[in-house]
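Colleague: sharing a model prediction with you, sequence too.
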Amino acid sequence: MKRIASMLLVAAALAASPSLVTAQNYPTQAIRIIVPFPPGGLVDTLARLLSSELTTAFDQRIVVDNRPGAGGSIGEGEVARAAPDGYTLLMVLDSFATNPLVYKKLPYDPFKDLAPISLIAKAPMVAIASLKFAPNTLAELIAYAKANPGKVDFGSVGAGSASHLTSELFAKATGISMVHVPYKGGAPAQIDLMAGRLHLFWGTSAYAYPMVQTGKVKVLGQTGAKRSAAFPDLPTATEQGVRNFDALGWIGMLAPAGTPPAIIDRWQAELVKAANKPLIAKRLNEQGFDVVVSKPDEFGKFVRAEHDKWAVLIREQNISLE
């Protein structure tokens, strides 16, 4: 009788907590990772690399689903509205933290409707310049901009993007004035840099590396506390005397709010294993990314800190995001 009573109590507990049942049986079907950017980009490439490892770990098919548009906010919104059962997840770029600043009427709240799983990788931002642009270092850029106020232009992939805000932070830290030239993507900015129609662009080391390999652009410096594996001979901004200037690109994973903690913890643990696999770690390092898999609460605090940092800059410098 005691055994039967115990079984009835367990059954009652499971009936009262469907999320517990879900977590215990998870996964029982294919898992979808939404990438809110087009195929072939950094986030898409990493998602596909990881999915091949995670398919084995979860013993289920993992599908990468590209839902680009509006700086990633279209795909992000779809995951925010998805069932919190662990079968629809989201992989994002650094723009996730700034989208609430850029798009005033997002149909979701990134801090309430999405649950952090983990930061996966981060990379320094690199100052890429046209070969026709006179400065060859950040120090020379600062001197040139001060001698020619308003005559240095910098490109970005749109208002409020990492490339835009990093440039604005650099201008604030060094006391220079530059002209913002927004583009609708990294490719057109790259074309103008190579052709000498654009002076400067701050992009992640992964964006900069293949461009530099062509020999048609040059790099002036990089952010970060240490030099990246992609640019071991390129001095950091700190090494070149620039203070109060820190920016980086990053990639992370989230789930719909309300996803059972057991599922989130399982994903975080599997990401640690997968991202540190020699092949994946090597691919990330070659592009200048460091593997930095974190705990869910750590990632949540990181995203909030990134949002707040850029919000302060936008407010203090009266930066237009229109």
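Modeller: Cool, got the structure. Not measured: the values here are computed from a predicted model.
Colleague: can you pull the buried residues of the top helix by length along the chain?
Modeller: Across the chain, the longest stretch assigned as helix under DSSP state H is helix 296-316. Under the neighbour-count criterion of 16 or more other CB atoms under 10 Å, helix 296-316 has 296, 299-300, 302-303, 306-307, 309-310, 313-314 buried. Where C-beta positions appear, they are placed from N, C-alpha and C, glycine not excepted.
Colleague: what does it contact?
Modeller: Contacting residues not belonging to helix 296-316 are listed as 94, 96-98, 100-101, 110-111, 115-119, 160, 165, 168-169, 172, 252, 264-265, 268, 294, 319, 321 [CB atoms under 8 Å, 6 or more residues apart in numbering].
Colleague: so how far is it off the chain centroid?
Modeller: Relative to its parent chain, helix 296-316 has a centroid offset of 13 Å by CA atoms, centre = their mean, to the nearest Å.
Colleague: go on, stretch 73-86?
Modeller: Chain-centre distance of stretch 73-86: 17 Å, with CA atoms, centre = their mean.
Colleague: what's it in contact with?
Modeller: By CB under 8 Å, 6+ apart, stretch 73-86 touches 22-23, 26-27, 31, 34-37, 66-69, 88-90, 92, 96, 99, 103, 106-110, 113-115, 254-260, 263-264, 267.
Colleague: which of these are buried?
Modeller: 22-23, 26-27, 31, 34-37, 66-67, 88-90, 92, 96, 99, 106, 108, 110, 113-115, 254-257, 259-260, 263-264, 267.
Colleague: partner residues bridging the residue lying closest to residue 131 once chain neighbours are set aside?
Modeller: Leaving aside its chain neighbours, residue 131 sits nearest to residue 218 (5.9 Å; criterion: CB to CB, 6 or more residues apart in numbering). Legend: beta-bridge partners of residue 218 under DSSP bridges are residue 129.
Colleague: swap in residue 66?
Modeller: With DSSP bridges as the rule, residue 66 is bridged to residue 35.
Colleague: need the three-state assignment for residue 99.
Modeller: Classification of residue 99 using DSSP: H, G, I helix; E, B strand; the rest coil returns helix.
Colleague: wait, isn't it in contact with residue 108?
Modeller: No - here residue 99 lies out of contact with residue 108, judged by CB atoms under 8 Å, at a distance of 9.8 Å.
Colleague: please pick the buried ones from the contacts of helix 296-316.
Modeller: Among the contacts of helix 296-316, the ones that count as buried by 16+ other CB under 10 Å are 94, 96-98, 100-101, 110, 115-119, 160, 165, 168-169, 252, 264, 268, 294, 319.
Colleague: not counting residues beside it along the chain, what's closest to residue 196?
Modeller: Once flanking residues are discounted, residue 196 sits nearest to residue 132: 3.8 Å by CB to CB, 6+ apart.
Colleague: in this structure, which helix or strand is least confident?
Modeller: helix 2-16 (a mean of 53; mean pLDDT, DSSP states H and E).
Colleague: tell me how far residue 262 lies from residue 25.
Modeller: For residue 262, the distance to residue 25 equals 11 Å [CB to CB, to the nearest Å].
Colleague: wait, doesn't residue 138 sit right on residue 222?
Modeller: No - if you go by CB under 8 Å, residue 138 and residue 222 don't touch, sitting 9.2 Å apart.
Colleague: what do the two both touch?
Modeller: 127, 235, 237.
Colleague: and the last one, how many neighbours?
Modeller: By other CB atoms under 10 Å, the residues close to residue 237 number 24.
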